[in-house]
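Trainee: I need the structure of the sequence given here:
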Amino acid sequence: MNTAAPPSAERTLEMTVTSVHPSLSADYVLIGRDQADRLVRALVPGRIVPKVPVVGEVWRLSGAQVVHPLYGEQTDAVVALPLLPTGRAIVRYLAVDSRFPGVGWATAELLWSTFGTGLYGILEREDSAALAAVCGPELASLIVSEFGAFSNDVYVFRELDRYGVSARTAGAAARLWGRGAVSRIRANPYTIALLESWKSVDGRALRMGVLPGDARRLVAAVEEALSRALRFGHMLAPSREIARATRALLGSGAADARRAVAVSIGKGSVVGNEDGMIQLRGCEFMEREIEGNVRERIDKPVDVSGAKVGVAISNLEAEVGFALTGKQREAVFMACGAGIAAISGAAGTGKTAVLRAIIEAVEQMNEGSSTPGIRLVALAGRAARRMSLSTNREAWTLSRLLTAFDMGLLMEEGLVVFDEASMLDSPSIYRVMSRIGTNVRVLFVGDPGQLPPIGPGMPFHKMVGSSFIPHVKLDVIHRHAESTGIPRVASRIRLGTYPDFGAFDFNLSSRPGVFFIPCPNAEVPEMALKVLRSMVGPPPRAGQIGPLHSRDVQILTQTNHGAAGARDLSRAIEWEYMKNQEPIEDFGFHAGSRLLWVRNDYRKAPLTEHGKHVIDPRTGQPQCAGFFNGSLGVPKIVDGRCLLTMDDGSADFIGRGDLEKLTFGWAITVHKAQGSSFNSVIIPIVPSPLLDRTMIYTAVTRAEHSAVLVGDPDALRQAIEAAPRAASRGCGLDFGGNF
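Mentor: Numbering: from 1, shown residues only. Got it, this is the predicted structure:
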């Protein structure tokens, strides 16, 4: 939080950055030297930077000069752009910027003393031979390459700034098209329509001389209308609705909107079908590719050993102490003998038991052969960890799998299993299936009653609704799961029937079940905190944080924002429950805080063996388990440093540079929790466009022991009884009769 005094005069300065301090709010405090070598400080909002500032870079900053009560004078920047270094500033730039590993101060000083200002000309000409005479060919090549890439970025930032393009958009354009971004945007100002708001892009294009009826504008408006539909989950939409949305964007008559759709189809950027639906060319391509991949797998026979499948089932039954149902056995045999298959079922129907039997059966059938085994995949890190624990096999996140493909992983045979498959959107399925061989079998396991994918499409729902894709629906809730009452209540919610919720007793808060506490919207945040207090007790004494986390109580919200949102509730819990714990530096959290990691980082959590890091033989670098988006962790101080241990067991030290990847995790959104489970969950219910039965069902089924809903009874009943919004999603996948 900025506690600076009221602003004084506006100022512009050029700063050579000596240190960068990111905050939990994704802003940056930059400290460095100005052109007179004076120490200066600036607060730079993350939204205005085209790239992450790096030590050694020179930045031009404009904003109000204020006096911070603790740190003295600083500039509160409203404009921030990186610059190419000038004069001797290149010495610091080469010596400390992370782009130039191995250069250092001695080499940078030697280059400057040898070439002086002529060093800039050498770099512009990309004359690595001249540099090689001083620093060797490897360093010379590195310096020329990295300086050229940064020079291109700075050129794009500067030129696009002249057109009023935002810093973030300029940064994205530079990453997409490099130096060519400027000529692309000059030729067609609508090139960046997906990177900036339509109002900004269209206004700028009209000021640059584009006529209202220009074909570029018409096509861009249709693409914008379809892109907006895509952001709401629609892979395709009715032509008449897109024409209506296009008319609103163009601000002209219906004829112009219809012409815009026709022009877009004629130019091939939009595809129409005989049902009056249209979609972006990229969406149409992905859906046809998915259909083709599925078709190839359906047509491929798979040899299956019935005896080995039977042995795997018997082994599992002996281990768990109960017999699989007929449907469960059918699902195991189907999955082992199909090139592609789907298993669906509500909470408590035994999908995990079936998956364990499938894994053992496939491994037995592959024993002694060169056929690769099984790749288990979930979307989120916590879900992958849960999948790994339940199957006793390694499970990957989808992001990790895609990254492995990018790094050269090949899969030509074997089995890929997607858990929580209802979360998979069409682009994600396309990205995986386009990277694996047609002999790789694919199994989707999930519950179509849960939240739909955040991304567009409803591929899993289309699969389980097809008579051509092998599919088994598990429909028997097992007694060991039913004892909590959660599956029974969840099943009624899933079907759109308002259940009989139990009355929550604050004196018996450890009882299993699903409870509802009605209260006005304004009282929901405090009531949710009151329930939490009854479940976990008073704030722990210093260093006694273990019992709080062991009770595993999680608040699940609809959104991050608002009084009943994840951010405000998490802050309130942090303030109340961590007040006795030791602060960790000035990071804004304490030893024992619950933190949510929000960005995949594959460099975290080095793997160890016999006390030493496991080294990747290809790269020579330590292999890492990684920290993944959606994982919850608890920090503590070890040897004066902050060690963050995640709920999947991985751990690593973190520093200031990691703060932008963290937020408080005492309350998280239902979307973040999908694929996870907790002992008890507390669910604030407030009117919201996101509130529907899939969200409530998903939240309730995250609980293993008890779930407590708090809030507006009318909003709750209406959300449960109304049809899910995802039912109206546009999805062009066709696995039907003509498939």
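Trainee: for Ala353, helix, strand, or coil?
Mentor: Following DSSP: H, G, I helix; E, B strand; the rest coil, Ala353 is assigned to helix.
Trainee: State the distance from it to Arg92.
Mentor: 61 Å (Cβ to Cβ, to the nearest Å). Where C-beta positions appear, they are placed from N, C-alpha and C, glycine not excepted.
Trainee: and if you look at Phe627?
Mentor: 31 Å.
Trainee: can you map out the strands along the stretch 451-600 of the chain?
Mentor: Taking DSSP state E, counting those that start in this stretch as the test, the strands found in the stretch 451-600 of the chain are 471-474, 513-518, 553-557, 595-597.
Trainee: OK, contacts around Gly537?
Mentor: Neighbouring residues of Gly537 by Cβ atoms under 8 Å, 6 or more residues apart in numbering: 547-548.
Trainee: Dump the strands of the stretch 451-600 of the chain to JSON lines, plus distance to Glu330, mean pLDDT and mean neighbour count.
Mentor: Listed next are these as JSON lines, based on distance: least, Cβ to Cβ, whole Å; pLDDT from 0 to 100; neighbours: other Cβ atoms under 10 Å:
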{"stretch": "strand 471-474", "distance to Glu330": "5", "mean pLDDT": "94", "mean neighbour count": "19"}
{"stretch": "strand 513-518", "distance to Glu330": "30", "mean pLDDT": "96", "mean neighbour count": "20"}
{"stretch": "strand 553-557", "distance to Glu330": "34", "mean pLDDT": "97", "mean neighbour count": "26"}
{"stretch": "strand 595-597", "distance to Glu330": "39", "mean pLDDT": "94", "mean neighbour count": "24"}
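Trainee: who wins for proximity to Val96 among the ones you listed?
Mentor: Val96 lies closest, by Cβ to Cβ, to one member of these: strand 595-597, at 27.9 Å.
Trainee: Helix or strand next in line after the closest one, which one?
Mentor: Next in sequence after strand 595-597, counting helices and strands by DSSP states H and E, comes strand 608-609.
Trainee: Starting from that next one, tell me which strands it pairs with and how they run.
Mentor: Applying DSSP bridges, strand 608-609 is found paired with strand 612-613 (antiparallel).
Trainee: Nearest to Pro69, out of the strands of the stretch 451-600 of the chain?
Mentor: With Cβ to Cβ as the measure, strand 595-597 is the member of the strands of the stretch 451-600 of the chain nearest Pro69 (28.1 Å).
Trainee: which residues are contacting the closest one?
Mentor: 381, 589, 627-635, 644, 646, 661-665, 668, 672.
Trainee: can we see that at 10 Å?
Mentor: Contacts of strand 595-597 with the rest of the structure, by Cβ atoms under 10 Å, 6 or more residues apart in numbering, involve 24, 381-382, 566, 570, 574, 587, 589, 604, 626-635, 644, 646-647, 654, 658, 661-669, 672.
Trainee: hmm, which of the residues you listed are the buried ones?
Mentor: Neighbour-count burial within these applies to 381-382, 566, 570, 574, 587, 589, 604, 626-635, 644, 646-647, 654, 658, 661-669, 672; the criterion is 16 or more other Cβ atoms under 10 Å.
Trainee: just checking, which of the residues you listed belong to strands?
Mentor: Taking DSSP state E as the definition of strands, these contribute 632-635, 644, 646, 654, 662-664, 667-669.
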